[in-house]
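*Asks:* next come a sequence and a model predicted from it.
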Amino acid sequence: MALSSSHLLGLEGVPASDIIKILDTAESLKPILDRPIPKVPTLRGITVVNLFFEPSTRTRISFELAEKRLSADTVNFSSTTSSVKKGETLRDTVRNIEAMKINMIVVRHSAAGVPYFLTRCTDATVINAGDGQHEHPTQALLDMMTLREKWGTLAGKKIAIIGDVKHSRVAGSNIRGLVTMGAKVVVCGPKTLMPPGIEELGATVSYNIDEAIAWADALNVLRIQLERQEAGLFPSIREYHAEFGITRDRLERAKKEIIIMHPGPINRGIELDSDVADSDASIILNQVTNGVAVRMAVLVLLSGMDSASD
Ligand code: CP
């Protein structure tokens, strides 16, 4: 087995050796994306079902492209047009799909733990594409790949994760992965958006955005989930922006170079101003490109097939 687990359910407990293998494989696969014909036969004969029960732009398209670049057969499932609408259980849905002879399932679901649950219902390899507020491992892997490309290493580097840490599966997976790789992580946001016990994952908490910016080499700015304001977890969008929004003024006050990341989709003018998102400091679109390479790497390594051949 190329990795220490036969599924990718999260980065909790994933050893540094696995993360390095995924990032190294992604780096070696990335040039395929720039070829005139960006396709290799590595996953020929492998069938992957993309099971998305929640909206997605980047992750869904990125997985589908990764599968196509590797010559896998891909099928896209959308809960809104499936028999889930007629009351079919998740277990029945997955067992019926498996009966059609498939090899791998990529799943996004609003409930934490669904990818793990699927491993109990099917013999297919399961990859978590985001489960509730729990984990989004391929997002953290593509974030780490993009930072490693910039710096050559993650060890000792300082990353501040800004915003709604409490409800963020991106934050959870990033903290786990970065700490495993020897990086230092600060999480910064309103107290109401900070989960209790986050320090146990190895992150330090700050409630002062200017201090977090002064400390960090990179900011990973999380999307503010607008429904949190309706729930009263912060007073107003304007106040959030004033207290924690990443603006050019705020960055200029820090008087240093800092890398700007965002997993997308961005709420421009709320957690991140447009002139920062589109500045030279931003590596947001590099993250998106690397998402395809990382997902190719995860698919190859979990498929048991050899790494990409010409
Ligand atoms: N980063 C991310 O998960 O984006 P999508 O929701 O568009 O997939």
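*Replies:* Done, it's in.
*Asks:* and the helix-or-strand element of the chain with minimal mean pLDDT, what's buried?
*Replies:* Counting by mean pLDDT, DSSP states H and E, the chain has its least confident helix or strand at helix 227-230, which shows a mean of 76. Applying a neighbour-count criterion of 16 or more other C-beta atoms under 10 Å, the buried positions in helix 227-230 are 228-229. C-betas here are computed from N, CA, C, even on glycine.
*Asks:* not counting its own residues, what contacts it?
*Replies:* 164, 167, 193, 234-237, 240 (C-beta atoms under 8 Å, 6 or more residues apart in numbering).
*Asks:* one more pass at 7 Å, please.
*Replies:* Residues outside helix 227-230 that contact it (C-beta atoms under 7 Å, 6 or more residues apart in numbering) are 164, 167, 193, 234, 236-237.
*Asks:* any chance of the residues you listed in CSV, plus secondary structure?
*Replies:* Shown next, in CSV, are those (DSSP: H, G, I helix; E, B strand; the rest coil):
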residue, secondary structure
164, coil
167, coil
193, helix
234, coil
236, coil
237, helix
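*Asks:* now list the buried members of those residues.
*Replies:* Members of the contacts of helix 227-230 classed as buried by 16+ other C-beta under 10 Å are 164, 167, 193, 234, 237.
*Asks:* how about the strands in the protein?
*Replies:* Under the criterion DSSP state E, strands of the chain are mapped to 47-52, 73-78, 104-109, 125-131, 158-162, 184-188, 204-206, 218-221, 259-261.
*Asks:* quick one, which of these gets closest to the ligand.
*Replies:* Closest of the strands of the chain to the ligand is strand 125-131, at 5.6 Å (criterion: C-beta to the nearest ligand atom).
*Asks:* quick check: the residue of the stretch 201-310 of the chain nearest the ligand.
*Replies:* For the stretch 201-310 of the chain, C-beta to the nearest ligand atom, closest residue to the ligand: residue 263, 3.9 Å.
*Asks:* number of nearby residues for that residue?
*Replies:* 27 (other C-beta atoms under 10 Å).
*Asks:* from the chain's centre, how far out does the least confident helix or strand of the chain sit?
*Replies:* Centre-to-centre, helix 227-230 and its host chain are 23 Å apart (C-alpha atoms, centre = their mean, to the nearest Å).
*Asks:* and stretch 40-54, by the same measure?
*Replies:* The answer for stretch 40-54 is 18 Å, by C-alpha atoms, centre = their mean.
*Asks:* and residue 218, how far is that from residue 261?
*Replies:* Distance of residue 218 to residue 261, computed by C-beta to C-beta, to the nearest Å: 6 Å.
*Asks:* same question for residue 68.
*Replies:* With C-beta to C-beta as the criterion, residue 68 and residue 261 are 26 Å apart.
*Asks:* how about residue 125?
*Replies:* Distance, residue 125 to residue 261, using C-beta to C-beta: 28 Å.
*Asks:* for residue 18, same thing?
*Replies:* Distance, residue 18 to residue 261, by C-beta to C-beta: 22 Å.
*Asks:* cool, residue 7 as well?
*Replies:* Residue 7 is 26 Å from residue 261, by C-beta to C-beta.
*Asks:* more neighbours, these two?
*Replies:* residue 261 (24 against 18).
*Asks:* run through the residues that contact the closest residue in space to that one that isn't next to it in sequence.
*Replies:* In space, and not counting its chain neighbours, residue 261 is closest to residue 220: 4.4 Å by C-beta to C-beta, 6 or more residues apart in numbering. Applying C-beta under 7 Å, 6+ apart to residue 220 gives the contacts 143, 159, 161-162, 174, 261.
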